[in-house]
Structures are given as structure tokens and as C-alpha cells.
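>>> Need coordinates for the following:
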Amino acid sequence: MTETQRRLGYLLKRAQSAFRLRMDRALDDIGLTTSQYAVLAALEEEPGLSNADLARRSFVSPQTMIRIVAALEDRALLTRQARTDNARVRAATVTDEGRRLLRRAHLVVEEIETAMTQGLTRIELDQLTTSLDSLTKRLEDG
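Next comes the predicted model:
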């Protein structure tokens, strides 16, 4: 392994890329993209998010989010309604069909995460998630 390949940033990006590729392939089998999954999962946790909120949570541009939400709405996986506090903002919620597909998608993602963390003890996994969260917060705050 070269010096560059030992750098934490490189290893994080390599892990993220491998994870994303696995997710893309597995979710495609059930008819979702990784970005669509991220949107449905965010709305499951917090119904009523706007396109801007969804874009921030899904790591895509607002313009890209418009297309993602429109595709999900066309498939009746989510609905949008004008918010009472601001008629220009349309709040999205997951439909029953969207929740059914999301349950399947969660299982797919859990399988990938299980394969990725195979061999780690519960303590090691807790330490890893705590460390990654801490590193992320330091970068976001600083």
C-alpha cells in the first residue's frame, strides 16, 4: 500500500465509493437509485421536507433534487402538497407504495452494511461509528 493509499481521506473515499457502487447495483434490482432511496428514507424519518431540505440531506444539488422528486412522484412513491406556512414550498411525504418499496430497500442496504462490517465486534462497530461521526462534525464545524 502506498503512502497515499494509507491516508485517511483516501480510505474514506474508497470505502464510500465501494459502498455507493454496491448500493447502486442492489437498489437498481428493486427499481430505485441510491439518491431516490436517500430521499424516501429522509421522508420516512421526517415527512414534509422541502426539495431544498432533501437536496441537503441527499448530497445533491437543488436542480438534481427537482428531477429525483419528480421521478418519485410520477411513480406514486411520494406526494407533494403546498405547505400552509408557505404556499411556494411543497412538502413531500412517502405514499403507501413508497413505504412498501422502502421496506425492501432497507433490507438491501442492511445486507450491504452487514457484509461491509462482517468480522467487527459490536464494540468495534460502535467505536467506528462514533469516530466517523466525530470526524465529520469536526469538518462540518470547522
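>>> now the residue nearest the centre of the chain: how far from E3?
Nearest to the geometric centre of the chain sits A38, at 3.2 Å (Cα atoms, centre = their mean). As defined by Cβ to Cβ, to the nearest Å, A38 lies at a distance of 34 Å from E3. The C-beta positions use only the backbone N, C-alpha and C, and glycine is treated the same way.
>>> one step back: show the contacting residues for the residue nearest to the centre of the chain.
For A38, the contact set (Cβ atoms under 8 Å, 6 or more residues apart in numbering) comprises R57, S58, F59.
>>> Find the nearest non-adjacent residue to the first one, please.
So the one you mean is R57. Closest residue to R57 apart from its sequence neighbours, by Cβ to Cβ, 6 or more residues apart in numbering: A42 at 4.7 Å.
>>> neighbours around the one you found, how many?
Neighbour count for A42, taken as other Cβ atoms under 10 Å: 18.
>>> Also R7?
R7 - counted by other Cβ under 10 Å - has 11 other residues nearby.
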